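*Asks:* Provided below are the primary sequence and the corresponding predicted coordinates.
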Amino acid sequence: MKRGKLYKAGASKVDSSKTYTLVEAVKLMRAAAHAKFNETVEATMRLGVDPKKADQMVRGTTVLPHGTGKSVKVLVLTKGDKAKEAEEAGADLIGAEEYVEKIQGGWADVDVIIATPDMMGQVGKLGKILGPKKLMPNPKSGTVTMEIAKAVKSVKAGKIEYRTDKTANIQVGLGKLSFTDEQILENARTFFAAIVRAKPASAKGAYIRNASMSSTMGPGIKLDVNELQAMSKQ
């Protein structure tokens, strides 16, 4: 990939042979940023697990204390009293069969879909459409639930979902460069602590193989794995 002068100028500030503390990484990331838009702060990790084994899949959610920096459009698939609960909690779109039909027709203009269990008979048919878009409601991520108000509010407050892909990598957004250093650090510490706590009992050897942080258009900054491993104790 051909890189521009601004990227190269930013990358020259990062020593690719060195690992950095989170505090150092945030300062470097800011110094290396060059885009003319409000870049997302991204974290990437490679874990020492085998995602092909069900007992080694790392998956869960955590609420970033300062949110993600973007407004989240939430669709709740439900009926009756739960529809009113969803509305009062701040859901953007609420409905049942009409939205199932829209999704079957190719519509998916939302960031998160939450459903009550009684809707899963219909929602289950949407797996091939919603699965690849990472929009399929799932009990493990708290998006299939009777606690609609709690689910909507936590998503709006900055709840993120993480899961290992088939190569044992995890990538998430941790906020925006417009956040203060402390806000980025608190979000990052919350995320990394959640990953450490989610370590499968059957995982052997080094759990966090490597990790890095970057802005959307910036260079990757390798993180000190030992610092991250100790996050769950904070």
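*Replies:* Sure, I can see it.
*Asks:* quick one, domains of this structure?
*Replies:* The record's domain parsing of the chain by automatic domain parsing lists 15-67+159-233, 74-156.
*Asks:* Now the longest helix along the chain: buried residues?
*Replies:* Ranked by residue count, the top helix of the chain under DSSP state H comes out as helix 181-197. For helix 181-197, burial by neighbour count (16 or more other Cβ atoms under 10 Å) applies to 183-196. Every residue, glycine included, has its C-beta placed from N, CA and C.
*Asks:* now the strands for the protein?
*Replies:* 40-47, 59-63, 74-77, 93-95, 112-115, 159-163, 169-176, 208-215, 221-222 (DSSP state E).
*Asks:* mean confidence score for the fifth one?
*Replies:* Mean per-residue pLDDT for strand 112-115: 96.
*Asks:* Identify all contacting residues around it.
*Replies:* Under the criterion Cβ atoms under 8 Å, 6 or more residues apart in numbering, residues 72-78, 86, 91, 123, 130, 135-137, 143-145, 148, 151-152, 155 lie in contact with strand 112-115.
*Asks:* still on that earlier bit, among the domains of the chain, which is nearest Lys8?
*Replies:* When the domains of the chain are compared for distance to Lys8 using Cβ to Cβ, the nearest one is domain 15-67+159-233, at 9.1 Å.
*Asks:* List only those of the contacts of strand 112-115 flagged as buried.
*Replies:* A residue is treated as buried here by neighbour count (16+ other Cβ under 10 Å); on that basis the buried members of the contacts of strand 112-115 are 72, 74-78, 86, 91, 123, 130, 135-137, 143-145, 148, 151-152, 155.
*Asks:* And the helices in the chain, which stretches?
*Replies:* Assigned by DSSP H, the helices in the chain fall at 5-11, 22-32, 81-89, 97-104, 120-123, 127-130, 148-157, 181-197, 225-229.
*Asks:* list the buried ones in the fifth one?
*Replies:* Yep, that's helix 120-123 we're talking about. Residues of helix 120-123 classed as buried by neighbour count (16+ other Cβ under 10 Å): Gln122, Val123.
*Asks:* residues contacting Ala201?
*Replies:* Asp55.
*Asks:* per-residue confidence at it?
*Replies:* 92.
*Asks:* could I get the strands of the chain as CSV with distance to Lys102?
*Replies:* Converted to CSV, the strands of the chain look like this (distance: least, Cβ to Cβ, whole Å):
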stretch, distance to Lys102
strand 40-47, 28
strand 59-63, 26
strand 74-77, 10
strand 93-95, 9
strand 112-115, 12
strand 159-163, 23
strand 169-176, 27
strand 208-215, 35
strand 221-222, 42
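*Asks:* Compare these and report which one is nearest to Pro200.
*Replies:* Comparing the strands of the chain against Pro200 with Cβ to Cβ, the closest turns out to be strand 40-47 (9.3 Å).
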